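# coordinates for the following, if possible.
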Amino acid sequence: MKLLDIYILRQFVSTLFFAVCALILIFIVVDLVEHLDDFIDKKASTQVIIEFYVNYIPWMLKLLVPIGMLVAALFSIGKLSNLSEIIAMRSGGISLFRLMLPILFFSIVISFGQLYFNGWIIPETNKRKVAIEQQYLGGSGSSTTLSNLYLRDTPLRTLIMEYYNGSNKQGTKVTVEEYSDEIHPRMMKRIDAETIRWDSIAQQWVVMDCIERVNDEGVMRSQYYSRKNIQLKMSHHDIMQLQRSPEEMNLDEVKQYLTVVSQGGKDVRRQLIDYYGQYAFPFSNVIVVSFGVAFASVRRRNGLALQIAAAMIVSFVYLVFLKIGQAIGYSYALDEAIVGWLPNIVFFIVALITVWRTRS
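Reported below is the predicted structural model:
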């Protein structure tokens, strides 16, 4: 059986490699045709263009690997079926479950590898890709400054800042407001300061030239401070995270970002569902491979074309259900993790049923 497993897996891996390389090449050619004028106008060197697409390929792989896995399953198993090799294997007592075992094991390994790749490698390459995009494909370049910030530090505390410079960790025109409760908010304290600075050693905020107003039984009493330490849950790092796109954050940073934002009372249910969906998406490899093997293992008069069409339709329905399921989950009181994984759970069950029905 070891030789048979190696034979099946070799067929699958070689087809997967060819399919993914072909899809990436098509993707690059189409994108290059679209943006070549922009690169030429900005006088981008060949080295810059190559660097851009080297950092673009990981993002392509995120989308193309599941497609490549489906194509590989259809063509490799379909080839074995058309050559009557699957019939010979089954005549020797090998079931469909045993036949697909090496491919299924390989797809699980790829899924875990893609989870790490999607969640931690791609955000790093996206940073470099975005930097080139901003310089050569429009945009003003990366910046460490933020303007007109209005943040909820906690459900009862807001932070307003006209301008924040991340390089020197200092902001200007700052207002901090604290309220009594969420249902019937009444201002209990307000601080207006000219500048605010993050003390990296003490790990806290310091405001300068500030006026603190405190509600003392309905009477607002004010006091001036040339320098005052204030307690905020949000740190300098948390504020700088706000300027980053989620595509440039790894999954740990996304989770931290959502925690910070939710502390201020913002509803992050939609973002949490997307977050858990990112964990679920790589395991679509297992689902599409299961469908591909099930469809391609049965030899039909119409040949491989019908099998490819059927598997593609099922995969398309899966992707549609992925979006619809998340949209439904936004409105109902289901756990975010369940909503994120729900399409995978449903279609994995459907894939198992399909394999079971075509096992003989």
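# let me see the ranges of the helices in the stretch 201-350 of the chain.
Along the stretch 201-350 of the chain, the stretches classed as helices by DSSP state H, counting those that start in this stretch are 236-241, 251-263, 269-280, 284-296, 304-331, 336-357.
# for the fifth one, packing partners?
Which is helix 304-331. Counting contacts by 3 or more Cβ pairs under 8 Å, 6 or more residues apart in numbering; DSSP states H and E, helix 304-331 is packed against helix 46-82, helix 269-280, helix 284-296, helix 336-357. (C-beta placed from N, C-alpha, C; glycine too.)
# buried ones in the helix or strand that the first one is followed by?
So that's helix 46-82. Next in sequence after helix 46-82, counting helices and strands by DSSP states H and E, comes helix 85-91. Buried residues in helix 85-91, defined by neighbour count with 16 or more other Cβ atoms under 10 Å: 85-86, 89-90.
# again with stretch 44-52
Result for stretch 44-52 [16+ other Cβ under 10 Å]: buried residues 44, 49, 51-52.
# next one: stretch 168-180
Across stretch 168-180, burial judged by 16+ other Cβ under 10 Å covers 169-171, 174-179.
# doesn't Cys210 make contact with Lys189?
No: proximity of Lys189 to Cys210 does not meet the contact threshold set by Cβ atoms under 8 Å, at 11.8 Å.
# which of the two has more neighbours?
Cys210 (22 against 15; other Cβ atoms under 10 Å).
# what's the neighbour count on the closest residue to Phe321 other than its chain neighbours?
Distance criterion Cβ to Cβ, 6 or more residues apart in numbering; nearest residue to Phe321, sequence neighbours excluded, is Pro343 at 5.1 Å. The tally of other residues near Pro343 (other Cβ under 10 Å) stands at 24.
# same question, Asp238
Counted with other Cβ under 10 Å, Asp238 comes out at 18.
# with Ile287 instead?
27.
# again with Ser245
10.
# who's in contact with it?
Contacts for Ser245 (Cβ atoms under 8 Å, 6 or more residues apart in numbering) come out as 126, 130.
# what's it sitting at in phi/psi?
Note on Ser245: its backbone torsions stand at phi -80, psi 140 [degrees, to the nearest 10].
# with Tyr332 instead?
Tyr332 adopts backbone torsions of phi -110, psi 150, taken as degrees, to the nearest 10.
# where's it relative to Ile273, distance?
Going from Tyr332 to Ile273 by Cβ to Cβ, to the nearest Å gives 11 Å.
# and Leu352, by the same measure?
From Leu352 to Ile273 the distance is 25 Å (Cβ to Cβ).
# more neighbours: these two, which one.
More neighbours surround Ile273 than the other of Leu352 and Ile273, with 23 against 13 (other Cβ under 10 Å).
# now do the more buried one, the pLDDT please.
For Ile273, the pLDDT comes out at 90.
# show me the contacts for it.
Contacts of Ile273 by Cβ under 8 Å, 6+ apart are 326, 329-330, 336, 339-340.
# which parts of stretch 184-193 are buried?
In stretch 184-193, counting by 16+ other Cβ under 10 Å, buried: 188, 190-193.
# mind checking which of those are in strands?
Filtering these for membership in strands, criterion DSSP state E, returns 188, 190-193.
# with that, I have no additional questions.
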